[in-house]
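[1] how would this look folded up:
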Amino acid sequence: MSERAAAQISQWIYATLEGVTQAAAKLFLLGVALFAFVAAIDAQPALSLADADLRGAALFERSAVTGMVLVVVRGGETATLSYGETFPGSGRRPDANSLIRLCSLSKILASDLLVELVSEGRVALTDPLQRFAPPGIVVPDGAGARRITLLDLATHTSGLPREVGAYPAHTPHFTFPDQAFRWSWLAKQRPLTASGAAALYSNVGFDLLGDALASAAGKTYAQLLRERISQPLGLRDTTLTPSQEQCSRLLCGTRDEGPCVDTQASGASGGVYSTPADMTRLLQYQLHIPGSPAQPASALAVYLKPAQLKSVEGLNHAGNASGIGLGWIQLGDPASPSMVMEKTGGGAGFTTYIALIPARQTGIFFAVTDGRGGSHVNLYREANSLLAALAGVPPLPPAAHATTPARKRPRPVRRVSPPAG
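    Model prediction:
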């Protein structure tokens, strides 16, 4: 090779390396800039509680509901915000002691009881439901002869339907079916899917779980709720058996939703009454706020991923589920600071929601009562956006299949309009 050719090759190599070095440097700088941008978003200033109140007021106006309460817990900060009226024409705002129906948020209290009894060795997540069945009742197996377990019930993967069937006309909310009826009904069923194979939201499944927990503890479910949750956490108005005085504080929407009554029949699935004051204490417990009792970590753990299941139905009201817990639903990437654990509810004229960003010790609860106006506001999505702003983290991406669930109310026909998930 001539000296001239060698020199040309050397120049080409140096030029190529310089180009590669420049490209690598550009990529490196782009990566640094992207990281800084993401970090800046992640570290955005958290919304003040005063601004949260303004956003709550705007949401209330757009949602056309009768009354609304919003509870915020963020570290050592708390706020109870309210809008509208206790009932149409009352001229009084809801307050921290207004009585509300938690509806399906009752399920996360049942899962808390499940975790407690597991920690004490009274039950195991893998225990078959048959172990707790009344004498003479045989729990049907799913496809493949796999037995229904307590974990299946708590994650909506038992294969059981949403409801037992027709809800008798003129029956007060959350008073049907009772324990005897649902176990008799269960013995005649054939699960819709193999247990553990698919997620199908089931209210009756959670009430059977409540029956199992009561049987394991040798108490009624109402006693379990009172002795293990309401009393230890100081939840004075969280109950299945409201007094006349408590019922006088129940928020009401525009429709007559029937009487305020004992709801032990559906205690684990939707019957619990509470107040914003009690929900503040519950959020502090769930978020491990110093000075409050701390919820066991297993209560907020994820036990199934949707990808593991053949199908998922009824769990995506607030967004696309990324994980399924014990009553709780996970939204978003679990490695992201924006990850949310949530539970939706609705029925008897109420829409309810609780959502946590554990990484930021931030949580919200809201309850609204039906109004006369029509509104297409997705309350759950709005609440998730508000929660992210309060936590100072990027919001979750828009949900592709977030829906507004149906609500349960007595009708003079023999069809069920079940409580929302």
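[2] what's Leu54 sitting at in phi/psi?
    phi -60, psi -40 (degrees, to the nearest 10).
[3] Over to Thr352?
    Per-residue torsions, Thr352: phi -130, psi 160 (degrees, to the nearest 10).
[4] and it, how far is that from Ile108?
    11 Å (Cβ to Cβ, to the nearest Å). Bear in mind the C-beta positions are built from the backbone N, C-alpha and C, glycine included.
[5] just Gly144 next, same as before
    30 Å.
[6] show me what contacts Ser336?
    Val393, Pro394 (Cβ atoms under 8 Å, 6 or more residues apart in numbering).
[7] try 10 Å this time
    Asp42, Ser322, Ile357, Ala359, Val393, Pro394, Leu396 (Cβ atoms under 10 Å, 6 or more residues apart in numbering).
[8] ok, back up a step: more neighbours: Gly144 and Ile108, which one.
    Ile108 (24 against 9; other Cβ atoms under 10 Å).
[9] Leaving out chain neighbours, which residue sits closest to that one?
    Gly327 (4.5 Å; Cβ to Cβ, 6 or more residues apart in numbering).
[10] ditto for Leu47
    Ala389 (4.0 Å).
[11] That neighbour falls within a strand, correct?
    No - counting by DSSP: H, G, I helix; E, B strand; the rest coil, Ala389 is not found in a strand; it is helix.
[12] Need the phi and psi values for Pro168.
    Dihedral angles of Pro168 (phi, psi; degrees, to the nearest 10) stand at phi -60, psi 140.
[13] how far away is it from Phe181?
    Counting by Cβ to Cβ - Pro168 and Phe181 are separated by 10 Å.
[14] same question, Gln361
    Look at Gln361 and Phe181: by Cβ to Cβ, they are 42 Å apart.
[15] neighbour-wise, which of those two wins?
    Gln361 (20 against 13).
[16] Hmm, Tyr285 and the more buried one touching each other?
    No - between Gln361 and Tyr285 there is no contact, the gap being 11.9 Å when judged by Cβ atoms under 10 Å.
[17] Common neighbours of these two, please.
    In contact with both Gln361 and Tyr285: Val73, using Cβ under 10 Å, 6+ apart.
[18] ok, His348 touching Thr171?
    Residue 348: Ala, not His. No - using Cβ under 10 Å, Ala348 is not in contact with Thr171, being 11.7 Å away.
[19] what comes into contact with stretch 245-253?
    65-69, 82, 84-88, 90, 94-95, 97-101, 236-237, 239, 242, 257, 259-261, 273, 275, 348-351, 367-372.
[20] what separates the closest residue in space to Thr220 that isn't next to it in sequence from Ala348, distance-wise?
    Using Cβ to Cβ, 6+ apart and skipping residues adjacent in sequence, the residue nearest Thr220 is Ala214, 5.7 Å away. Noted for Ala214: a distance of 23 Å to Ala348, by Cβ to Cβ.
[21] neighbours of Trp328, just the number please.
    The burial count for Trp328: 26, using other Cβ under 10 Å.
[22] Name the secondary structure element that contains the closest residue in space to it that isn't next to it in sequence.
    Closest residue in space to Trp328, ignoring its immediate chain neighbours: Met341 at 5.0 Å, by Cβ to Cβ, 6+ apart. Using DSSP states H and E, Met341 falls within strand 340-347.
[23] center of this structure - which residue?
    Lys343 (0.8 Å; Cα atoms, centre = their mean).
[24] so it sits right up against Ser104, yeah?
    Yes - using Cβ under 10 Å, Lys343 is in contact with Ser104, at 6.8 Å.
[25] can you list the weak-confidence ranges in the protein?
    1-43, 374, 399-420 (pLDDT under 70).
[26] Could you break it into its assigned domains?
    Annotated domains of the chain cover 1-43, 49-391 [automatic domain parsing].
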